[in-house]
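# Fold the stuff below for me.
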Amino acid sequence: MKPQSYIICSTPRSGSTLLCDLLTSTGVAGRPASFYRHQSIQPWAARLTVRTTARTEGEAFDRAYLDAVLRQGREQSDVFGLRLMWESVAEISRRLQPLYPDASDDRTLFEAAFGQVCYLHLARRDKVAQAVSRLKAEQTGLWHVAADGSEREREKAPEPASYDRERLADLVQELQTHNAAWEHWFTQHAVTPVRISYEELAADPKTVLREILAALGLDPMIADSVEPATLKMADAESLDWTSRFRREGDLAGL
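Numbering: from 1, shown residues only. Now for the predicted structure:
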């Protein structure tokens, strides 16, 4: 059966924004976004003019919000797209369960809401580099840069970045834990996801996009006309921090 939707299952700083952009740019694969990130629900509700109550809780809101999200995530295509970080799984399940009380688990719940789902597991092999990218974004406030080098997403005024081994160690542990949680979820729900690595996506985005479109039952050749809209942000400082963290770990016997 041809998928009616897809969920990008990932962790922060794994290339999910790049992948969302690529899929959106095809014009046939919806417009995936983090609709169920707790911090983003209120802004999305305002943007999508979800009009029920002023509160973002309750079954009436969740039904209206889901309807709006389905329209936005399809964007005049036949496929709905959703980006879902592990930390948002509990949130989406909590909001969908009252709408589909007969659903016995997350997979059944997601398919009740979104139809037949293709799961895309986007992971970054180098968790240290991923943690460095997250730390620098947190510190500088700059999360994404457009393909032309201009700032695309900034959350606060510019601040300098500084190496923080303790925070990096915490982030590496969190990323490992969340990735393991996704693996357990796939096993628990008998899901075989399409596996995508950040490294392969960054190196050859069009090839990865072709594979995804084929998995969705869409024309893979559409990928040839799509260009990345997001610039890779890793620089010499990022590489230096990554090497330093590993070196210090080796010296400590970790």
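# Only C-alpha atoms from now on, for both contacts and neighbour counts.
Fine.
# Can you classify L84 as helix, strand or coil?
When classified by DSSP: H, G, I helix; E, B strand; the rest coil, L84 comes out as strand.
# Run through the bridge partners of R83.
Per DSSP bridges, residues listed as beta-bridge partners of R83: I8.
# how far away is it from Y36?
Computed with C-alpha to C-alpha, to the nearest Å, the distance linking R83 and Y36 is 8 Å.
# got it, and E59?
Distance from E59 to Y36, by C-alpha to C-alpha: 15 Å.
# Neighbour count for the two, which is higher?
Y36 (24 against 14; other C-alpha atoms under 10 Å).
# Now do the SS call for the closest residue to that one other than its chain neighbours.
In this structure, Y36 finds its nearest non-sequential neighbour in I92, 5.7 Å apart by C-alpha to C-alpha, 6 or more residues apart in numbering. What three-state DSSP gives for I92 is helix.
# Likewise for L120?
Classification of L120 using three-state DSSP returns strand.
# which residues touch it?
By C-alpha atoms under 8 Å, 6 or more residues apart in numbering, the contact set of L120 is 6-9, 193-196.
# what about 6 Å?
Residues near L120 by C-alpha atoms under 6 Å, 6 or more residues apart in numbering: 8-9, 193-194.
# cool, L201 as well?
V208 are the contacts of L201 under C-alpha under 6 Å, 6+ apart.
# what helix or strand does it sit in?
Per DSSP states H and E, L201 falls inside helix 198-203.
# Now that helix - C-alpha only, CSV.
What follows is helix 198-203, C-alpha atoms only, in CSV (Å, rounded to 0.1, in the frame of the first residue of the first chain):
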residue,chain,number,x,y,z
TYR,A,198,23.3,12.7,8.2
GLU,A,199,26.7,12.0,6.7
GLU,A,200,25.1,10.6,3.5
LEU,A,201,22.5,13.3,3.4
ALA,A,202,25.0,16.1,3.7
ALA,A,203,27.4,14.5,1.1
